[in-house]
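J.: return a 3D structure for these sequence lines:
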Amino acid sequence: MFNQVGPLELVIVLVIVLVIFGPKRLPSLGRQLGRGMKEFKESITSHHDDEDEKAGITAASEDPPRTSADAAERTQV
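T.: Purely as a prediction, here's the structure:
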């Protein structure tokens with residue numbers, strides 16, 4: 001019941017932020033917050049991409065497992 005944030009609470013928080021930072025600094029704070037979130041998301045996704053690339057490179061560079069039949073064919077040739 002008390003875990004939800006309603007419109008009244010949001011208005012109170014916005015008024016407090018406006019009083020603390022002033023109307024001139026709010027746009028720059030919004031841009032900085034947006035850039036920070038964008039960089040954070042990019043770092044998270046690039047971390048996962050790096051892991052996928054490493055797994056793909058190691059899987060592609062390994063030789064397939066050889067069986068005794070493969071070895072016999074190579075010795076006959």
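
J.: residue 23 in helix, strand or coil?
T.: At residue 23, secondary structure determined by DSSP: H, G, I helix; E, B strand; the rest coil is coil.

J.: and it, what is it in contact with?
T.: Applying C-beta atoms under 8 Å, 6 or more residues apart in numbering to residue 23 gives no contacts. From N, CA and C alone the C-beta is placed, and that goes for glycine too.

J.: distance check, it against residue 10.
T.: Residue 23 sits 18 Å away from residue 10, going by C-beta to C-beta, to the nearest Å.

J.: what do you get for residue 30?
T.: 15 Å.

J.: could you pull up the mean pLDDT of the helix or strand hosting residue 45?
T.: Residue 45 is part of helix 26-61 when elements are defined by DSSP states H and E. Mean per-residue pLDDT for helix 26-61: 79.

J.: over to stretch 7-18?
T.: 93.

J.: mind saving the C-alpha coords of that stretch as PDB?
T.: C-alpha atoms of stretch 7-18 as PDB (Å, rounded to 0.1, in the frame of the first residue of the first chain):
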ATOM      1  CA  PRO A   7       1.300  12.200  -8.500                       C
ATOM      2  CA  LEU A   8       1.400  14.300  -5.300                       C
ATOM      3  CA  GLU A   9       4.800  12.900  -4.300                       C
ATOM      4  CA  LEU A  10       6.200  13.500  -7.800                       C
ATOM      5  CA  VAL A  11       5.000  17.100  -7.700                       C
ATOM      6  CA  ILE A  12       6.600  17.600  -4.300                       C
ATOM      7  CA  VAL A  13       9.900  16.200  -5.400                       C
ATOM      8  CA  LEU A  14       9.900  18.300  -8.600                       C
ATOM      9  CA  VAL A  15       9.200  21.500  -6.600                       C
ATOM     10  CA  ILE A  16      12.000  20.700  -4.200                       C
ATOM     11  CA  VAL A  17      14.400  20.100  -7.100                       C
ATOM     12  CA  LEU A  18      13.300  23.400  -8.700                       C
END
